[in-house]
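1. From the sequence below, what's the structure:
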Amino acid sequence: MAQLPDKMRSLVAPKYCAPAEYEVADMPVPTVKDPKDVLIKMHAAGITTGDMIAAGGAGKFIIGKSEMPLKIAIEGSGIVVAVGSGVTLFKPGDAVYAFGRSRPMDVTLAPGFCSEYVVADEKMTLHKPANCSFEDMCCIANIVTAMQTIEMGLTMMREGGVADGLEGKTVFVPGALSATGSVGIQLLKNVYGVGKLISSVSTAKVPLVEQYLPGYVDQVVDYTKTPDLTAVIPASSVDFVYNTQWGVTGTFPLVKKDIGVVASISSFPTAALLREMLQPLPFYVYWFASLAQLWYRFKLRGTNIRHDMHSGNIGVREDLERTGEFLATGKVKVVKRVVDLEDIEAIRRETQKVATGKGGIGKLVVKIV
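-> This is a model prediction of the structure:
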């Protein structure tokens, strides 16, 4: 193995702050310590809303404080340069995707995947298909999340007596050009055979939907002009909602009252899901999560609509490998925007869009090599 440098370039939050204060700084190069560690020279990293929340310190009084400067990002792709003694799936020279956290997650620890070098766990690492770019691989977590959420929704459909899946059904996905919405739409059409797909975007993005998702969206709704979705989508006409945006209760009137399902990635999680996802939290967090579920039930009173929230679990190996196949076979093509690690002004501008959920197209990817 070639001699590694002592220092590397990393995208960091020097303190809890907004994206306008992010920096690219010199940080120590991590080393292999655990037998299952995989040391990767990164080529690209994906940026998520969760990264912005962590860097902003929103949860520091609940989950604890992180060490500063806080290295940003928890997923990316690159080339393996070293492995621990217990690693059997990968070797130096392999092109891979990796995710930086497994459940239950300690979100105070910052794996810092938007860096020149990272250490990942073998079980959270995946071979990169030869026909996929390093930048495209940075959307794997979004594909896993979308697929798992849709599968959760299918389970709820079967529980409600609908056993024939989504083929030919009407589905609503808010946020057509969001990172998870754009891949979810492609999965729903290419894998699950949805009949009619309806989605919503802001005014400026309406003409871009067909450009980035040609032939996928059958009806595009401008939510800025039509905040009441039932004005353009008949009430109780949608079989299934894959919800990617906050304000999930706004989708409830669209869903068929007797058999409809809302599978969401942007709802308040249940206390049980929080316990599965994260290290132990203060009791009042679980209490609030349970209270939120009562609110959802109240909003759904008088219907048989089923609603639940899912948070993607990248640690399910079978799902991780399946999503790699979706990319390799072209069933999902990544909608993304790419900026260079050393272009700090572009990074600040684009991460601000991630933080607010406004203005960005697809997944934000930082090119490192």
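2. Does residue 9 have any beta-bridge partners, and if so which?
-> Note on residue 9: beta-bridge partners residue 26, judged by DSSP bridges.
3. What are the boundaries of the helices in the chain?
-> Per DSSP state H, the chain carries helices over the ranges 49-56, 60-63, 134-137, 140-159, 179-190, 209-212, 271-277, 283-299, 317-328, 344-356.
4. Let me have those in JSON lines, adding mean neighbour count, distance to residue 111 and mean pLDDT as columns.
-> Where you see a C-beta, it was placed from the backbone N, CA and C, and this is true even at glycine. Shown next, in JSON lines, are the helices of the chain (neighbours: other CB atoms under 10 Å; distance: least, CB to CB, whole Å; pLDDT from 0 to 100):
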{"stretch": "helix 49-56", "mean neighbour count": "20", "distance to residue 111": "11", "mean pLDDT": "94"}
{"stretch": "helix 60-63", "mean neighbour count": "13", "distance to residue 111": "15", "mean pLDDT": "85"}
{"stretch": "helix 134-137", "mean neighbour count": "23", "distance to residue 111": "16", "mean pLDDT": "98"}
{"stretch": "helix 140-159", "mean neighbour count": "21", "distance to residue 111": "13", "mean pLDDT": "98"}
{"stretch": "helix 179-190", "mean neighbour count": "25", "distance to residue 111": "19", "mean pLDDT": "98"}
{"stretch": "helix 209-212", "mean neighbour count": "15", "distance to residue 111": "30", "mean pLDDT": "98"}
{"stretch": "helix 271-277", "mean neighbour count": "16", "distance to residue 111": "16", "mean pLDDT": "96"}
{"stretch": "helix 283-299", "mean neighbour count": "13", "distance to residue 111": "23", "mean pLDDT": "97"}
{"stretch": "helix 317-328", "mean neighbour count": "17", "distance to residue 111": "16", "mean pLDDT": "97"}
{"stretch": "helix 344-356", "mean neighbour count": "17", "distance to residue 111": "17", "mean pLDDT": "97"}
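5. Let me know which of these is the nearest to residue 76.
-> Closest approach to residue 76 among these (CB to CB): helix 134-137, 7.9 Å.
6. Show me the contact partners of the closest one.
-> For helix 134-137, the external contacting residues (CB atoms under 8 Å, 6 or more residues apart in numbering) are 43-44, 76-78, 95, 97, 128, 327, 334, 336, 338, 365, 367, 369.
7. If we use 7 Å, what do you get?
-> 43-44, 77-78, 97, 128, 327, 334, 336, 338, 365, 367 (CB atoms under 7 Å, 6 or more residues apart in numbering).
8. Give me the buried entries from these.
-> Burial by neighbour count, judged by 16 or more other CB atoms under 10 Å, picks out 43-44, 77-78, 97, 128, 327, 334, 336, 338, 365, 367 from the contacts of helix 134-137.
9. Tell me which two in those are the farthest apart.
-> Farthest pair in those (CB to CB) is 327 and 367. Separation: 17.8 Å.
10. just so I have it, where are all the strands in the stretch 101-250 of the chain?
-> Applying DSSP state E, counting those that start in this stretch to the stretch 101-250 of the chain gives strands spanning 117-121, 125-127, 170-174, 196-201, 219-222, 240-243.
11. how about low-confidence regions in this structure?
-> Within the chain, the segments meeting pLDDT under 70 span 1-2.
12. returning to that earlier point: closest one to residue 193 out of the buried ones among the contacts of helix 134-137, please.
-> For the buried ones among the contacts of helix 134-137, the nearest to residue 193 is residue 327 (19.4 Å; CB to CB).
13. The residue lying closest to residue 157 once chain neighbours are set aside: what's it in contact with?
-> Spatial nearest neighbour of residue 157, excluding adjacent residues (CB to CB, 6 or more residues apart in numbering): residue 261 at 5.2 Å. By CB under 7 Å, 6+ apart, residue 261 lies in contact with 153, 156-157, 160, 240, 306.
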